[in-house]
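Visitor: next come a sequence and a model predicted from it.
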Amino acid sequence: MSEMLAFDQVVAGYGSAVVLHGLSFSLAQGQSLAVLGRNGVGKTTLLETLMGNTRVMRGAVRWCGEDLGRWPSYRRVRAGLGWVPQEREVFPSLTVEENLTVVARPGPWHLRRVYEFFPRLRERRGNYGNQLSGGEQQMLSIGRALMTNPKLLLLDEPMEGLAPIIVEELARSIRRLCESEGLPSIVVEQHPVLALEMTHQAIVLERGTVVHAGSSAALAGNARLLEGFLGVGAAEAHIHNNTGASNDSNDLDDRLA
Ligand SMILES: Nc1ncnc2c1ncn2[C@@H]1O[C@H](COP(=O)(O)OP(=O)(O)OP(=O)(O)O)[C@@H](O)[C@H]1O
């Protein structure tokens, strides 16, 4: 499989502060990646570096064979990087529909298709950004990234602060984007079990470097590694298995409202 993305010995940070210390990994075309690690190890900084928001001191970031070098963020969006920031950054004084159309770029994703993918957004099309629940805001943030017609979605803790039933629904949507719509993601997540279920490959960061890289399925099945790298014990798996992976859409509607 050909390479889609590679970080090659990247040293990067903010001002004089170095956060990524020679970080390397590569991702093949069509593959989704979970980026895992404890607090403050550089997961968000990896995404910020991909979007051109950090100072890269050494190394290279290659995207579809091109060295991104000093490309500004807007050029990275045009090249196919779809940024879904941790803060969601929905425009509060624009309607759902205006939030979507204001960033539209030509391609297979358009308003109708985004509404088909997230019917909830169609129902809320006339509501302002600040009138939405957390789950709806996250759908809008992902929908807005889809409207830029990306080749890769960058999701920074997409499940943060959401109710378990919404988390499961969003996880299904993100999986569906990759499996049915051919759109892979990089998922930065605090919940490793969930992130591993949503992705093909996984890397674990410690102090700004990669300390483990492999398939998500293999890591999910290795309790010793999970515990060692992330402190994830049987407790999290138990909690996760009880988050209500329900298909009850009425239940979901209630929780989204
Ligand atoms: N804009 C910034 N300026 C200076 N330092 C920053 C900035 N953003 C993050 N950092 C520092 O970089 C380090 C890594 O932060 P980062 O947000 O990438 O970690 P993370 O793995 O995503 O953690 P978390 O899960 O807590 O979000 C931290 O020490 C953080 O304080």
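Guide: Perfect, thanks for sending it. Residues are numbered from 1 along each chain as shown.

Visitor: wait, Gln138 touches Leu155, no?
Guide: No - using Cβ atoms under 8 Å, Gln138 makes no contact with Leu155, being 9.3 Å away. Glycine gets a C-beta too; all of them are placed from N, C-alpha and C.

Visitor: who has more neighbours, the two?
Guide: Leu155 (28 against 25; other Cβ atoms under 10 Å).

Visitor: residues in a beta bridge with that one, which ones?
Guide: Val84, Val187 (DSSP bridges).

Visitor: that one reaches Val84, doesn't it?
Guide: Yes - using Cβ under 8 Å, Leu155 is in contact with Val84, at 4.8 Å.

Visitor: shared neighbours of those two, which are they?
Guide: When Cβ atoms under 8 Å, 6 or more residues apart in numbering defines a contact, the residues bordering Leu155 and Val84 alike are Ile142.

Visitor: contacting residues for Arg157?
Guide: No, residue 157 isn't Arg; it's Glu. With Cβ under 8 Å, 6+ apart, Glu157 has these contacts: Gln86, Val188, Glu189, Gln190.

Visitor: let me redo that: Gly52
Guide: Leu68, Arg70, Trp71, Pro72, Ser73, Arg76.

Visitor: swap in 6 Å and give it another go.
Guide: Trp71, Pro72, Ser73, Arg76 (Cβ atoms under 6 Å, 6 or more residues apart in numbering).

Visitor: hang on, the first one in a helix?
Guide: By that I understand Trp71. No - judged by DSSP: H, G, I helix; E, B strand; the rest coil, Trp71 forms no part of a helix; its state is coil.

Visitor: and it, how far from Leu33?
Guide: 21 Å (Cβ to Cβ, to the nearest Å).

Visitor: more neighbours: which of the two?
Guide: In this view Trp71 and Leu33 are compared by other Cβ under 10 Å, and Leu33 has more residues nearby, 27 against 17.

Visitor: if you rank the contacts of Gly52 by neighbours, which is first?
Guide: In terms of neighbours by other Cβ under 10 Å, the contacts of Gly52 top out with Arg76 at 20 neighbours.

Visitor: ok, for Tyr128, nearest residue in space, not its chain neighbours?
Guide: Thr95 (5.8 Å; Cβ to Cβ, 6 or more residues apart in numbering).

Visitor: quick one, strands of this protein?
Guide: Taking DSSP state E as the criterion, the chain carries its strands at 3-14, 17-28, 33-36, 55-63, 66-67, 81-84, 152-156, 185-188, 201-206, 209-215.

Visitor: parallel or antiparallel, which strands does the third one pair with?
Guide: Yep, that's strand 33-36 we're talking about. Using DSSP bridges, the strands paired with strand 33-36 are strand 185-188 (parallel), strand 201-206 (parallel).

Visitor: point out where this protein drops to low pLDDT.
Guide: For the chain, the stretches flagged by pLDDT under 70 are 1, 232-257.
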